[in-house]
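Trainee: Provided below for reference: sequence and predicted model.
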Amino acid sequence: MREREVVQRNLALQRQWYGEPLGDRVRRLVVAYRTSQAQLAEVLGISAPMLSQVMSGRRAKIGNPSVLARLVMLERKVFTPGVAAGESEAVQQALEDVKGSRPALGRDSVPVRQAGNNEEVAWPALRQIAQPHELEWAADLLDGYHPALAGLLRRAACGGSGAEDSGSA
């Protein structure tokens, strides 16, 4: 029973850290690239037994950031036209590209979310495409149908200074 509890805890941690269990993500890649788990492990730069342990939940995380980066690279390459169409050459090329890559995680390669109010990330983007009075105007148009979106536009217009107008006419 102890091992089962550890596996359940590890799978819960994987959901928290990676959005879902790594076994689900890896199985999708095995199918998409029509490869074996052992071959996928080689492409990722991890041993097959280690990948198996991570997939089954006997291990909680992938310790090497480069391995995780390669996993994400493979997930993204699934959507390239040749790979998506199942073309053998494109699939093989994608696997070779990822296997030969030397990804590095740095401060510019990982998105940062602000701890408190995630919508603050949207404010600068909104202010780049519209002036405050335009954001207010759009908020007025949306207010009756989408009050939450209208509120976001108003907060962006005022720079998040707290001068939110909850319902202008």
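Mentor: Looks like it arrived, so ask away. Not measured: the values here are computed from a predicted model.

Trainee: Could you use CA atoms for every contact and neighbour count after this?
Mentor: OK.

Trainee: tell me the domain ranges of the chain?
Mentor: The domain map for the chain lists 2-100, 118-157, with the assignment taken from automatic domain parsing.

Trainee: Pick out the shakiest of the ones you listed, pLDDT-wise.
Mentor: Looking at the domains of the chain, the lowest mean pLDDT belongs to domain 118-157 (a mean of 83).

Trainee: which residues are in contact with the lengthiest helix in the chain?
Mentor: With residue count as the measure and DSSP state H as the assignment, the chain has helix 2-18 as its longest helix. Here helix 2-18 makes contact (C-alpha atoms under 8 Å, 6 or more residues apart in numbering) with 20, 21, 22, 56, 57, 58, 59, 60, 61.

Trainee: Dump those residues to CSV, plus distance to residue 75.
Mentor: As requested, those are arranged in CSV below (distance: C-alpha to C-alpha, whole Å):
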residue, distance to residue 75
20, 14
21, 14
22, 12
56, 19
57, 20
58, 23
59, 21
60, 20
61, 18
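
Trainee: Do a quick rundown of the strands in the protein.
Mentor: Taking DSSP state E as the criterion, the chain contains no strands.

Trainee: how about the helices of it, start to end?
Mentor: Counting by DSSP H, one finds helices in the chain at the ranges 2-18, 22-32, 37-44, 48-56, 65-77, 81-84, 88-100, 122-129, 132-142, 147-157.
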